[in-house]
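*Asks:* Quick one: sequence and predicted model below, then my questions.
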Amino acid sequence: MPRLPHGARVPLSPAQARIWFFTQMYPSSTEYNVFDTVLLDAMPSEDQLMAALRTLIERHDGLRLRIFQDGGVPVQEDIGPYEPEVAWHDLSGLPQEEAEAEARDIANAATRELLRPEEPPLVRFIAIRMPSGKGRIVFGFHHLIADYWSWTLLVRELAALL
């Protein structure tokens, strides 16, 4: 399938249109935010993680979408590559149990942050450095750009990039 140029606007798929309809009916709902946490045996450096995320964003159109109404019709637009924002948390100085609880709180708080289809990016990244050099990456995305199956493929690709 040929790649569309950045800025191209295309109609939503039928599945996306249904989700978009409900996001318009309930604009304050986080129902379509999907979050997952990946546990890492070793936390990558900030440079390593940023390079891997840039590569993912460049390769996958869904990570670059903005969804909005154009003439009353919902469309998706590729905004082009961008610098990913990562919220960094260093819990390495805490006792393991305390770090685990704090990491859960951070991930749970992220699920309550609204992702708005018209305000890209529709993906969030949180990096948590844990005791003993381990790490966690919390991924959040709007269901308009991916389902859980496709997201698991992106997570695998990220792991390979790291």
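*Replies:* Nice, I can see it.
*Asks:* So what's the predicted local confidence for residue 1?
*Replies:* If you check residue 1, the pLDDT there is 61.
*Asks:* begin at 41 from here
*Replies:* Done: numbering now begins at 41, and the last item shifts to residue 41.
*Asks:* correct me, but residue 47 touches residue 118?
*Replies:* Yes - counting by CB atoms under 8 Å, residue 47 touches residue 118, with 6.7 Å between them. From N, CA and C alone the C-beta is placed, and that goes for glycine too.
*Asks:* Same drill for these two, tell me which one is more crowded.
*Replies:* More crowded of residue 47 and residue 118, by other CB atoms under 10 Å: residue 118, with 20 against 9.
*Asks:* Report pLDDT for the more buried one.
*Replies:* pLDDT at residue 118 comes out at 94.
*Asks:* Which residues does it form beta bridges with?
*Replies:* residue 105 (DSSP bridges).
*Asks:* got the contact list for the spatially most central residue of the chain?
*Replies:* What sits nearest the mean C-alpha location of the chain, by CA atoms, centre = their mean, is residue 163, with 2.6 Å. For residue 163, the contacting residues are 103, 124, 155, 179-182, 185, by CB atoms under 8 Å, 6 or more residues apart in numbering.
*Asks:* ok, and for the lengthiest helix in the chain, which residues are buried?
*Replies:* Taking DSSP state H as the criterion, the chain has its longest helix at helix 136-151. If you call a residue buried by 16 or more other CB atoms under 10 Å, then helix 136-151 has these buried ones: 139, 143, 146-147, 150.
*Asks:* Tell me the helix or strand right after it.
*Replies:* strand 163-169 (DSSP states H and E).
*Asks:* contacts for the next helix-or-strand element following that following strand?
*Replies:* The C-terminal neighbour of strand 163-169 among helices and strands, as given by DSSP H and E, is strand 175-182. For strand 175-182, contacts defined as CB under 8 Å, 6+ apart pick out 72-80, 82-84, 89, 103, 143, 146-147, 150-151, 153, 155, 157, 162-170, 191, 194-195, 198.
*Asks:* List only those of the residues you listed flagged as buried.
*Replies:* 72-75, 77, 80, 83-84, 89, 103, 143, 146-147, 150, 155, 157, 162-170, 191, 194, 198.
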